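model the following, please.
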Amino acid sequence: MQGYLSIILHAHLPFVRHPEHKKFLEESWLFEAITETYLPLVHVLDGWSRDRLDAKITLSLSPTLCAMLQDELLRHRYEKHLDGLIELAEKEIHRTHWDRAYRDLAWMYHHKFSLARETWRHHGGNLVGAFKQFQDAGQIEIITTAATHGLLPLLAGHPPSVRAQILTARDHYGSCFGRDPRGIWLPECAYAAGVEDFLQEANIRWFTLDTHGILHAKPRPRYGTFAPIFTPNGVAAFGRDYDSSRQVWSKHEGYPGDPRYRDFYRDIGFDLDFDYVKPHLPSPDNRGFTGLKYYRITGGAGQKEIYQRDHALKAASEHAVHFMGERAEQINKLDGLLDRPPIIVAPYDAELFGHWWYEGPEFLDFVARKACHDHRNISLITPGEYLARHPTNQIATPGASSWGEEGYWRVWLNETNEWIYPHLQVAQERMTGLAKQFPQATGLQARALKQAARELLLAQASDWPFILRAGTSPDYARRRVKDHLLRFIALHDQLTATSVDEKWLTEIESRDNLFPDVDWTYWK
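Residues are numbered from 1 along each chain as shown. This next block holds a predicted model:
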């Protein structure tokens, strides 16, 4: 074996659950990801299992995503959403009856949605359980991330908050998968010195960093990003490979920009008569994405050409050949230069594959099959498996970094969102005060302390400052931060100055219901 390839997919969505509304726009983020990314990934893994493919990948499932995937209300709403997609595809088959090209695509969507429903039902609507089965069978390694994807370096001014984010994630992982996590995806690959101390406490053995987080380590790593380093306390850090990242992520060179692929933005929710698509829109009062898209990228703002599925799959196959060829060339160049087989770490957001890049799951399938059948000098491996085979590595301290804009934390700390952090700092210090004041609370007090912990964790999510910077749903993000902080303040006041309002507590417990066994003493 000349070298290893480690593909890591990070699946994360913010906790969005609104039982107070019959239909809520932002819940569609979850429904779209299930249909276009998570179910297709389960289908791909089923195929690898069926064909006994020795293709191992790593999957990060965030605690907030797992909580939503296990929630009965959201699962019920998703089933209705999926039935609505199939109904819309049937309507489109009739509408496009006399237009062969569009009719074939309508049938394609009907088949895809029907297959999604079949896969969903086959696994009992329990995708967390499905992924657990793949891990138990040794096909994948599932890792965790911070409890609500809080950006840890921006919480480092209050170390108990970093600790609580990590230990809560560990506990929740155990409740989902029946074991402790061995690896973690640091939110946004963001690292600052000291994080590894809490990883060690949680018995987490490795994490990922962006390229410069490894290259700027002290002392400088002898093998660059082609081998992990051990932080001084023994937790391993793996660095993202620049070339494999560029070939997928680059705006100008990345595979998803090929004009044969499906255009994400051109959707019948914007193209067809409003009354026709209204029952299938995520918000019935506004145009939006339905998931049925008939055009390929073709570039520019001019006339779009119709999507041709066979051409797109051919492109995905060609890109998989190119991707594996480039990895083989990298490994051949390194052969003999290192005293061990190099590891190429390729981490990506899971939602890229299927949601943003419609043909992404097929690309992953092609890559795995080519790695297993056509490239005998490359083995697909997980970072945990690599450490088991190569337990001796250089000790170095990584550089502060993230994979965001400019390589640090600018996306999450700038003029659009800086107002969040002073409020968080006050709430975090008050949470530590509560943990010290009530170390062994029971009954109503314990319920209020747990809910205070949930509200603080939700307010710390990195998703809200990201959305504020991106400008996609800024009003919603702003409201979420304020609502969670206001609930926390009210709970703190009730616990320390007045009395707990049980009726109101029950109402917010039913709304923000993740982490049922959260331990508020982690903030102590």
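
give me the domain ranges for this structure.
Following automatic domain parsing, the chain resolves into domains at 3-65+129-262+307-406, 413-523.

indicate which one of those is closest to Arg287.
domain 3-65+129-262+307-406 (11.8 Å; CB to CB). Where C-beta positions appear, they are placed from N, C-alpha and C, glycine not excepted.

give me the mean pLDDT for the closest one.
Regarding domain 3-65+129-262+307-406, the rounded mean pLDDT is 95.

quick one: distance of it to the chain centre.
How far domain 3-65+129-262+307-406 lies from its chain's middle: 9 Å, per CA atoms, centre = their mean, to the nearest Å.

residues contacting Phe323?
244, 247-248, 255, 363, 367 (CB atoms under 8 Å, 6 or more residues apart in numbering).

now swap in Gln165 and tell me
So Gln165 contacts 146-148, 150, 152, 155, 457, 460 (CB under 8 Å, 6+ apart).

neighbours of the residue lying closest to it once chain neighbours are set aside, how many?
Excluding the flanking residues, the one nearest Gln165 by CB to CB, 6 or more residues apart in numbering is Ala146, at 4.1 Å. Neighbour count of Ala146, defined by other CB atoms under 10 Å: 32.

pretty sure Ala146 sits against Glu188.
No. Assessed by CB atoms under 8 Å, Ala146 is found out of contact with Glu188, at 9.9 Å.

can you give me phi and psi for Ala236?
Per-residue torsions, Ala236: phi -90, psi 140 (degrees, to the nearest 10).

that one and Cys189: what is the separation?
Note on Ala236: its distance to Cys189, by CB to CB, to the nearest Å, is 15 Å.

so Tyr522 makes contact with Arg163?
Yes. Look at Tyr522 against Arg163 with CB under 8 Å: they come within range, at 5.8 Å.

mind listing what's buried along stretch 9-20?
For stretch 9-20, a neighbour-count test (16 or more other CB atoms under 10 Å) marks 9-17 as buried.

tabulate these (CSV), appending secondary structure.
Listed next are the buried residues of stretch 9-20 as CSV, based on DSSP: H, G, I helix; E, B strand; the rest coil:
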residue, secondary structure
Leu9, strand
His10, strand
Ala11, strand
His12, coil
Leu13, coil
Pro14, coil
Phe15, coil
Val16, coil
Arg17, coil
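
closest one of those residues to His484?
Using CB to CB, the buried residues of stretch 9-20 come closest to His484 at Phe15, 10.1 Å.

who are the contact partners of that closest one?
Applying CB under 8 Å, 6+ apart, the residues near Phe15 are 64, 67-68, 148, 458, 461, 512, 514.

name the member of those with the most neighbours.
Most crowded among the contacts of Phe15, counting by other CB under 10 Å, is Thr148 at 29 neighbours.

am I right that Thr144 is in a strand?
Yes. Thr144 forms part of a strand when assessed by three-state DSSP.

right, and it touches Ala169 too?
Yes. Contact criterion CB under 8 Å: Thr144 and Ala169 qualify, at 4.7 Å.

would you mind writing the CA trace of stretch 374-382 as PDB?
What follows is stretch 374-382, C-alpha atoms only, in PDB (Å, rounded to 0.1, in the frame of the first residue of the first chain):
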ATOM      1  CA  ASP A 374      -8.800   0.500 -10.200                       C
ATOM      2  CA  HIS A 375      -6.300   1.900  -7.700                       C
ATOM      3  CA  ARG A 376      -4.600  -0.900  -5.700                       C
ATOM      4  CA  ASN A 377      -2.000   1.500  -4.300                       C
ATOM      5  CA  ILE A 378      -4.700   3.700  -2.500                       C
ATOM      6  CA  SER A 379      -6.800   2.500   0.300                       C
ATOM      7  CA  LEU A 380      -9.900   4.300   1.600                       C
ATOM      8  CA  ILE A 381      -9.400   4.700   5.300                       C
ATOM      9  CA  THR A 382     -10.800   6.600   8.300                       C
END
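
what's in contact with it?
Outside stretch 374-382, the residues that reach it (CB under 8 Å, 6+ apart) are 1-7, 54-58, 140-141, 183, 324, 327-328, 331-332, 343, 368, 371-372.

okay, buried residues for stretch 241-261 please.
Buried-residue list, stretch 241-261, by 16+ other CB under 10 Å: 241, 244-245, 247-249, 254-256, 258, 260-261.

scratch that, stretch 94-101 is what I was asking about
Thr96.

and His81, that's in a helix?
Yes. Under three-state DSSP, His81 sits within a helix.

now it, nearest residue through space, not along the chain?
In space, and not counting its chain neighbours, His81 is closest to Phe31: 4.6 Å by CB to CB, 6+ apart.

do His216 as well
Of all residues not flanking His216 in the chain, Gly399 sits nearest, at 3.0 Å (CB to CB, 6+ apart).

what sits against that neighbour?
Gly399 neighbours (CB under 8 Å, 6+ apart): 191, 212-218.

and which of the buried residues of stretch 241-261 is nearest Tyr109?
So of the buried residues of stretch 241-261, ranked by how close each gets to Tyr109 (CB to CB), first place is Tyr261, at 15.9 Å.

and that closest one, how far from Leu41?
18 Å.

before we move on, the earlier item: adding distance to Asp46, write the buried residues of stretch 9-20 out as CSV.
Output for the buried residues of stretch 9-20, formatted as CSV (distance: CB to CB, whole Å):
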residue, distance to Asp46
Leu9, 16
His10, 21
Ala11, 17
His12, 23
Leu13, 23
Pro14, 28
Phe15, 28
Val16, 28
Arg17, 28
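
which one of these is nearest Ala470?
Pro14 (12.9 Å).

in the buried residues of stretch 9-20, find the pair that's most separated.
Pairwise over those, using CB to CB, the maximum falls at Leu9 and Arg17, 23.5 Å.

pretty sure Gly47 is touching Asp365, no?
Yes. The criterion here is CB under 8 Å, and Gly47 meets it with Asp365 at 6.8 Å.

run a quick neighbour tally on the residue nearest to Phe353 when sequence neighbours are not counted.
Closest residue to Phe353 apart from its sequence neighbours, by CB to CB, 6+ apart: Gly360 at 3.0 Å. Here the number of neighbours of Gly360 (other CB under 10 Å) works out to 26.

ok, now how distant is Gly360 from Gly399?
30 Å.

now for Leu209: which residues touch it?
Contacts of Leu209 by CB under 8 Å, 6+ apart are 186, 189, 191, 237-240, 398, 401.

and Tyr522 and Arg163? Which one has more around it.
For Tyr522 versus Arg163, neighbours defined as other CB under 10 Å are more numerous around Tyr522 (21 against 18).

quick check, that one in a helix?
Yes. Applying three-state DSSP, one finds Tyr522 inside a helix.

mind listing the strands for this protein?
In the chain, the strands defined using DSSP state E lie at 3-11, 57-61, 140-145, 183-185, 206-209, 229-230, 236-239, 343-349, 378-380.

roughly how far apart are the residue of the chain most remote from its centre and Glu305?
Distance to the chain centre peaks in the chain at Trp98, reaching 40.9 Å (criterion: CA atoms, centre = their mean). Here the criterion is CB to CB. By it, Trp98 lies 20 Å from Glu305.

and if you look at Leu45?
33 Å.

cool, Arg260 as well?
Counting by CB to CB, the gap from Arg260 to Glu305 is 10 Å.
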